[in-house]
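Engineer: Below are the sequence and a predicted model for it; my questions follow.
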Amino acid sequence: MISQIGSLALSISGGLILSTFFFLFYYFFKKNKIFLEVIERSLTAVCFCVILATLCLLNELLISNFNLQYVAQYTSYETPLFFKFTALWAGQAGSLLFWTFIMSIYSLIYIHVTLSSLESLKYSSYGILAFIFGFFLLLSNFIANPFEPVSSDIIVQNGNGLNPLLQNVTMAIHPPMLYLGFIGTTILFVMALSVIISKSLTFEWIQSIRRWSLITWTFLSAGIILGGYWAYNELGWGGYWAWDPVENS
């Protein structure tokens, strides 16, 4: 039942994004502010649907519902409860949903806090956010759906369990930290592109993007440090990832 609610929430979020594009198109020609409010509420509803879907998947991981392919692939009865939680971002389907979940949290803050003082950026920001959400929801609904059930002719007695290398407290914290940093750059991208489109550079915008930048870089730095520590303890790669130019950057 919970998995069906999660799947439905994910589908509804996709439908809401499609309706958001319609309202964006209509506002572009009519300039009716009512539709700008509708767009805001639609994006807010998308965020809450994604959050609900993520909580539903997390519940299925914790109770070991092996009727879901993702749960059967990345958890087992023997997997400790803490690492069942971290299995949320252990695979592609879960990672994409978790990525969209964090983006939903950031977007809610951006829409209802930052844009309250930057109203000239609202329309362009909503349009860019809609395209970004649309891309990830397209993947989660049609390419890597975390709520995809196992084949009807297969009965899963126990799951595969989480990769032992990932069963490390540091590694459990490292990906969310990186996600918080990486996805934070989405807001920086939205803010930068929006101010170019609207041509309304203000002091308030500079203050806001500075705060977002500091938050983003803080999470990125913490994530890379934790990842290096995990690599040093688990795999003996060294105190830093000298082989990985992306991480060093």
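Structural biologist: Yes, it's here.
Engineer: For the longest helix along the chain, give the mean pLDDT please.
Structural biologist: Longest among the helix segments of the chain by residue count, using DSSP state H, is helix 203-234. With pLDDT averaged residue by residue, helix 203-234 scores 86.
Engineer: what about I206, distance to S200?
Structural biologist: To S200, I206 is 12 Å away according to C-beta to C-beta, to the nearest Å. C-beta: built from backbone N, CA, C; applies to glycine.
Engineer: and what of E148?
Structural biologist: Distance of E148 to S200, computed by C-beta to C-beta: 44 Å.
Engineer: got the buried residues for stretch 15-25?
Structural biologist: L16, I17, T20, F23, L24 (16 or more other C-beta atoms under 10 Å).
Engineer: Need the residues you listed in JSON lines (columns: pLDDT, secondary structure and distance to L121).
Structural biologist: As requested, the buried residues of stretch 15-25 are arranged in JSON lines below (pLDDT from 0 to 100; DSSP: H, G, I helix; E, B strand; the rest coil; distance: C-beta to C-beta, whole Å):
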{"residue": "L16", "pLDDT": "96", "secondary structure": "helix", "distance to L121": "21"}
{"residue": "I17", "pLDDT": "96", "secondary structure": "helix", "distance to L121": "20"}
{"residue": "T20", "pLDDT": "95", "secondary structure": "helix", "distance to L121": "17"}
{"residue": "F23", "pLDDT": "93", "secondary structure": "helix", "distance to L121": "17"}
{"residue": "L24", "pLDDT": "94", "secondary structure": "helix", "distance to L121": "14"}
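Engineer: Put together TSV for the residues you listed, with distance to F101 on each row.
Structural biologist: Converted to TSV, the buried residues of stretch 15-25 look like this (distance: C-beta to C-beta, whole Å):
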residue	distance to F101
L16	16
I17	15
T20	18
F23	24
L24	23
